[in-house]
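>>> sequence and predicted structure below; questions after.
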Amino acid sequence: MSVSHCMGRALKIARLPVGRWADEIAKLPEACEHADCGAPRSCRQRIRAYLDIQRGILRDRPAPARGRR
Ligand SMILES: [Zn+2]
């Protein structure tokens, strides 16, 4: 299973602090320019759905020890 352009972006955002996700999602194009995007062809819609799942996983886990502040 190959990772499409959109999922690449999703994975990048997933590595950022959760607080920045909304900002990054808002910057995504509504309609994807890549043919391999799949259907529905909307990066923002797909990535938001993916990150919603990730957020749920993170919430279930105890936060790792808070480092810098
Ligand atoms: Zn896309």
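Looks like it came in fine.
>>> I'd guessed residue 25 sits against residue 51; true?
Yes - if you go by C-beta atoms under 8 Å, residue 25 and residue 51 touch, sitting 6.9 Å apart. For the C-beta atoms, the positions are set from N, CA and C on the backbone; glycine is no exception.
>>> which neighbours do the two have in common?
Among the neighbours of residue 25, those also in contact with residue 51 (C-beta atoms under 8 Å, 6 or more residues apart in numbering) are residue 13.
>>> quick check, central residue of this structure?
residue 10 (3.3 Å; C-alpha atoms, centre = their mean).
>>> next, it: secondary structure please.
At residue 10 the chain is in helix, as set by DSSP: H, G, I helix; E, B strand; the rest coil.
>>> please look at it and residue 50 and confirm they touch.
Yes - taking C-beta under 8 Å as the definition, residue 10 is a contact partner of residue 50 at 4.6 Å.
>>> residues in contact with the residue of the chain found nearest the ion?
Residue of the chain nearest the ion, by C-beta to the ion: residue 32 (2.9 Å). By C-beta under 8 Å, 6+ apart, the contact set of residue 32 is 5, 6, 41, 42, 43.
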